[in-house]
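K.L.:
structure for the following, please:
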Amino acid sequence: MPRRGSPYGKAYQLARMRLLASKPMCAWCGVNPATTADHDPPVAEVGYHLNLVPACGKCNFGRTDKMRRTTPSRSW
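P.N.:
This next block holds a predicted model:
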């Protein structure tokens, strides 16, 4: 069965694009350039996709929800 685009929808895609447009640093490690948008707090807790912070792939995909810091670095 073919995929029909992103499961996150247009609002998420627009928010992600705006967030990453200025090429921010990762909100979690503060070292790597952000290439993804991470949810803070996780979608499972709040139920929507527009609670985004910039994240590098290593930080975004290398942790579980329980491993996240309570507050990301706001230097971005």
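K.L.:
burial measure for R16, as a count.
P.N.:
By other Cβ atoms under 10 Å, 18 other residues sit near R16. For the C-beta atoms, the positions are set from N, CA and C on the backbone; glycine is no exception.
K.L.:
over to P54?
P.N.:
Residues lying near P54 (other Cβ under 10 Å) number 24.
K.L.:
any idea how far it is from A44?
P.N.:
Per Cβ to Cβ, to the nearest Å, P54 is found 20 Å from A44.
K.L.:
could you do C59 as well?
P.N.:
Taking Cβ to Cβ, one finds C59 at 18 Å from A44.
K.L.:
what packs against whichever strand or helix holds A11?
P.N.:
Counting by DSSP states H and E, the element that carries A11 is helix 9-20. Using 3 or more Cβ pairs under 8 Å, 6 or more residues apart in numbering; DSSP states H and E, the elements in contact with helix 9-20 are strand 36-39, strand 52-55.
K.L.:
among the ones you listed, show the one with the smallest mean pLDDT.
P.N.:
Comparing mean pLDDT across the helices and strands packed on helix 9-20, the weakest is strand 36-39, with a mean of 88.
K.L.:
chain neighbours aside, what residue packs nearest to V31?
P.N.:
Nearest non-adjacent residue to V31, counting by Cβ to Cβ, 6 or more residues apart in numbering: M25, 7.1 Å away.
K.L.:
thinking again about what came up before, give me whichever of the helices and strands packed on helix 9-20 is most buried.
P.N.:
strand 52-55 (a mean of 23; mean count of other Cβ atoms under 10 Å).
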